[in-house]
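1. coords below, sequence missing:
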């Protein structure tokens with residue numbers, strides 16, 4: 001009886017051992033599959049990241065190149081060229097008693113740069129003038145409103161004793177302006193304009209005219225002369 005019980009226990013023990021051996025390889029296979037899948041996913045993610053980074057770098061390089069070209073173009077602009085001359089003969093529209101000045105109240109030199117040899121190599125003009133021209137042109141011009149602008153001459157002179165007049169000197173600047181009573185305007189006098197007009201060192205006369213643009217001949221509404229000690233260097 002005891003021998004039979006012993007044999008039964010031995011059989012159960014053998015069955016249990018067989019079951020444990022069957023479970024072991026199954027768990028091992030699952031772990032290997034998971035590792036293989038994870039490795040493949042990591043490789044795919046790394047490849048995608050590298051490709052994206054390379055594309056981004058190329059785009060940024062193109063953008064920087066475009067910005068540099070644009071800045072270079074802007075920096076090269078602004079050189080001086082001779083301004084457009086007025087329509088002549090000029091018609092004198094200043095009052096008889098005020099032909100020495102007209103509507104120009106004052107002219108001052110501003111933004112001056114001292115030259116090493118004395119005098120000034122660079123300067124601008126600040127002009128105060130009545131530039132209102134609301135009802136001065138004939139109706140056949142299409143508009144009775146005038147178009148005020150300034151002319152700047154080096155060593156200029158004006159024969160303003162009659163209805164029509166002429167100017168002498170070298171025209172260096174022209175500036176269109178708005179219509180204001182006693183407006184203040186800054187006219188830039190570029191150093192290249194003085195160099196290219198072959199202005200000599202020493203005392204230079206600057207003449208400023210306040211004009212109205214017309215179809216046939218432009219009208220003078222103001223004139224002012226100022227002098228400055230000029231030196232190119």
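-> Done, it's in. Keep in mind the model is a prediction, meaning the values are calculated, not measured.
2. tell me the contacts of residue 123?
-> Residue 123 makes contact with 109, 110, 111, 112, 113, 189, 228 under the criterion CB atoms under 8 Å, 6 or more residues apart in numbering. For the C-beta atoms, the positions are set from N, CA and C on the backbone; glycine is no exception.
3. Sort out which of these are buried, if you could.
-> Buried by 16 or more other CB atoms under 10 Å: residue 189, out of the contacts of residue 123.
4. Need the distance between the two termini of stretch 109-121.
-> Distance across stretch 109-121, first residue to last, is 12 Å (CA to CA, to the nearest Å).
5. what comes into contact with that stretch?
-> 122-126, 186, 191, 201-202, 226, 228-233.
6. Now go through those and say which are in helices.
-> Residues of those located in helices (DSSP state H): residue 191.
7. And the strands in the chain?
-> 90-92, 104-114, 120-129, 148-158, 164-165, 167-176, 183-189, 202-212, 219-230 (DSSP state E).
8. could you dump those to JSON lines with mean pLDDT and distance to residue 81?
-> Output for the strands of the chain, formatted as JSON lines (pLDDT from 0 to 100; distance: least, CB to CB, whole Å):
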{"stretch": "strand 90-92", "mean pLDDT": "90", "distance to residue 81": "22"}
{"stretch": "strand 104-114", "mean pLDDT": "96", "distance to residue 81": "21"}
{"stretch": "strand 120-129", "mean pLDDT": "96", "distance to residue 81": "18"}
{"stretch": "strand 148-158", "mean pLDDT": "94", "distance to residue 81": "14"}
{"stretch": "strand 164-165", "mean pLDDT": "82", "distance to residue 81": "26"}
{"stretch": "strand 167-176", "mean pLDDT": "94", "distance to residue 81": "11"}
{"stretch": "strand 183-189", "mean pLDDT": "96", "distance to residue 81": "14"}
{"stretch": "strand 202-212", "mean pLDDT": "95", "distance to residue 81": "19"}
{"stretch": "strand 219-230", "mean pLDDT": "94", "distance to residue 81": "21"}
